[in-house]
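coords please:
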Amino acid sequence: MRYLIRNAEAILAQGISSSATDLRIADGIITEIGQGLLPQEGEQQVDASRSVIYPGFINTHHHLAQSALKGIPAGINQGLGEWLASVPYRFWPHIDPELMLAAAKMGLAEQLRSGATTCADHHYLYHLNSSMEMEDVLWQAADELGMRLVLCRGGATVQGSHKGLAKAGVKPETLELMLQRLEQTRSRYHQAESNAMRRLVVSPTSLVHSITAEDLKQVAAYARSHDLKLHSHLLEVGFDEQQAQALHGCTAVEYAQRCDWLGEDVWFAHLVQATEQDIQLLSETGTGIAHCPTSNCRLGSGIAPVVAMEKAGMPVTLGVDGSASAESGSVLQEANLAWLIHRTQQGPDATRLETVLEWASDNAAKMLGLDALGALAVGKAADLVIYDLNDYRFAGVHDRQWAPLMCGEPMRIKASFVNGRQVVEGGEVSGLDTEALQQDVIEGIQRLYKKVDA
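This is a model prediction of the structure:
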């Protein structure tokens, strides 16, 4: 479809006059931005009155499987270590493909309704006898909803140091099996284009705990031989540092460097406990971060020092993390909280709205190697969101272009586009049967408890 979006109050576009009100889409690309653009034959017009247009947000760290694990009572007041045992490790070995598909649809829909157009999902439901169907349904869900999916392929080659995982009886993959499955996914799904709808990233679940140093080097070599990015968890809490010092006699970040896991093609989720020394090494190597403020608050992990990281030159992006520890599932909430939380520690000029928008869009696109995304500009892919400000709660906002980021949820999206295809209309995900999806999730959770309690 070709579209002409007209009458927006503001378009947050690069290098375009602040008076621009209209935007034209053709063949999945933004072809014109301006004021008073005239309709052309064959275009579908979208009225953006009382709305502002943003680039689509890019979520750089998620766990879609956890969309079906929200608010588990045992884990609500637990820190990361105990929570892992009570929630994901307890349940994920028993999730079936049907529930995984429903959870993925729900998680992707939540993100779409918050302004995201791309999700990097850290999917770690792999073990020695796992079915590839558990991965295939993720691609299926993204295809059905029209959202870009970057699969950060997790997994482990050792049992690791967490007792909760051992109790769950999960047998890890061998390195050979992990590499074999990675190659199967790469050859079947991965797209190398700068506007790819599907991407594969090599992402062992935990850099310090789930894979040996030698295996880390081999999977990094595999990734780089195929021009794939690398991602993992690191320094969410102090346990990573304790284990690195005890087992390897160095810091966790130094351990990553020894294992060939630093560089411009690497980003880590969390890095809450990163020190000044860590930040210096991370910035020198161009290694990035997926900042997940809501989850870090929810689990009491702390606040990642992203203001210092950005000043040092590290690429900063935003992630929702799993919806079992960030139950809103909203990228807009992450952006709003990221704008606010660092001010509590470092004053009112610590973060700016313009900066947070870059974290959620342009920075993330560059980090994922999706250079055609991340900004509203002529020639860029048409990934954009029209936020509806026609509500009394916005009537008192003076600088209305920043209303979505300043005011946060609840926010209604008038329309959203991915690669020039409309995927949200009137606040709802296009073509999604929400009643059927809700029932699928409920029935899937009932099956899940029967297996867990057996």
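
so who does E254 touch?
244, 281 (C-beta atoms under 8 Å, 6 or more residues apart in numbering). For every residue, glycine as well, the C-beta is placed using N, CA and C.

Now do the helix or strand where it lies: distance to the chain's middle.
E254 belongs to helix 252-258 when assigned by DSSP states H and E. Distance of helix 252-258 from the chain centroid (C-alpha atoms, centre = their mean, to the nearest Å) equals 24 Å.

Give the buried residues for that helix.
Buried residues in helix 252-258, defined by neighbour count with 16 or more other C-beta atoms under 10 Å: 252-257.

Over to R393. Which of the three states is it?
Per DSSP: H, G, I helix; E, B strand; the rest coil, the local secondary structure of R393 is helix.

likewise A13?
coil.

Would you confirm that it contacts L376?
Yes: using C-beta atoms under 8 Å, A13 is in contact with L376, at 3.8 Å.

Generate a markdown table for the buried residues of helix 252-258, with pLDDT and distance to L177 as supplementary columns.
Converted to a markdown table, the buried residues of helix 252-258 look like this (pLDDT from 0 to 100; distance: C-beta to C-beta, whole Å):
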| residue | pLDDT | distance to L177 |
| --- | --- | --- |
| A252 | 98 | 26 |
| V253 | 98 | 29 |
| E254 | 98 | 29 |
| Y255 | 98 | 24 |
| A256 | 98 | 24 |
| Q257 | 98 | 27 |
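
how about the strands in the stretch 151-300 of the chain?
Residue ranges of the strands in the stretch 151-300 of the chain, as given by DSSP state E, counting those that start in this stretch, are 198-202, 229-234, 266-270, 288-291.

Most tightly packed of those strands?
Highest mean neighbour count of the strands of the stretch 151-300 of the chain: strand 288-291, a mean of 30 (counted as mean count of other C-beta atoms under 10 Å).

Name the helix or strand of this protein that has the lowest mean pLDDT.
helix 163-167 (a mean of 62; mean pLDDT, DSSP states H and E).

who touches both of A13 and L376?
Joint contacts of A13 and L376 (C-beta under 8 Å, 6+ apart) are 23, 33, 53.

Could I get the full set of helices for the stretch 351-454 of the chain?
With helices called from DSSP state H, counting those that start in this stretch, the stretch 351-454 of the chain shows them at 353-360, 362-368, 403-407, 434-453.

Actually, the stretch 201-350 of the chain.
213-225, 239-248, 252-258, 276-285, 293-298, 306-312, 331-346.

Of all the residues in the longest one, which ones are buried?
What it means is helix 331-346. Across helix 331-346, burial judged by 16+ other C-beta under 10 Å covers 331-339, 341-342.

before we move on, what about stretch 291-307?
In stretch 291-307, counting by 16+ other C-beta under 10 Å, buried: 291-296, 298-299, 301, 303-307.

which regions of the stretch 1-150 of the chain sit below the pLDDT cut-off?
Across the stretch 1-150 of the chain, residues meeting the criterion (pLDDT under 70) sit at 15-17.

just so I have it, where are all the strands in it?
Using DSSP E, counting those that start in this stretch, strands in the stretch 1-150 of the chain cover 2-6, 10-11, 22-26, 29-34, 43-47, 51-55, 57-63, 116-123, 148-153.

The first one: partners in the sheet, and parallel or antiparallel?
In this case it means strand 2-6. Here strand 2-6 has these sheet partners by DSSP bridges: strand 22-26 (antiparallel), strand 43-47 (parallel).

tilt between that strand and strand 51-55?
130 degrees (axes from the mean of the first three to the mean of the last three C-alpha atoms, to 10 degrees).

What does G79 show for phi and psi?
phi -80, psi 180 (degrees, to the nearest 10).

so what pLDDT did the closest residue to it other than its chain neighbours get?
Among residues not flanking G79 along the chain, G300 sits closest, at 5.4 Å (C-beta to C-beta, 6 or more residues apart in numbering). Note for G300: predicted pLDDT of 97.

pretty sure G300 contacts I76?
No: contact criterion C-beta under 8 Å: G300 and I76 do not qualify, at 11.4 Å.

a markdown table for the strands of the stretch 151-300 of the chain, including distance to E428?
Listed next are those as a markdown table, based on distance: least, C-beta to C-beta, whole Å:
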| stretch | distance to E428 |
| --- | --- |
| strand 198-202 | 24 |
| strand 229-234 | 31 |
| strand 266-270 | 30 |
| strand 288-291 | 28 |
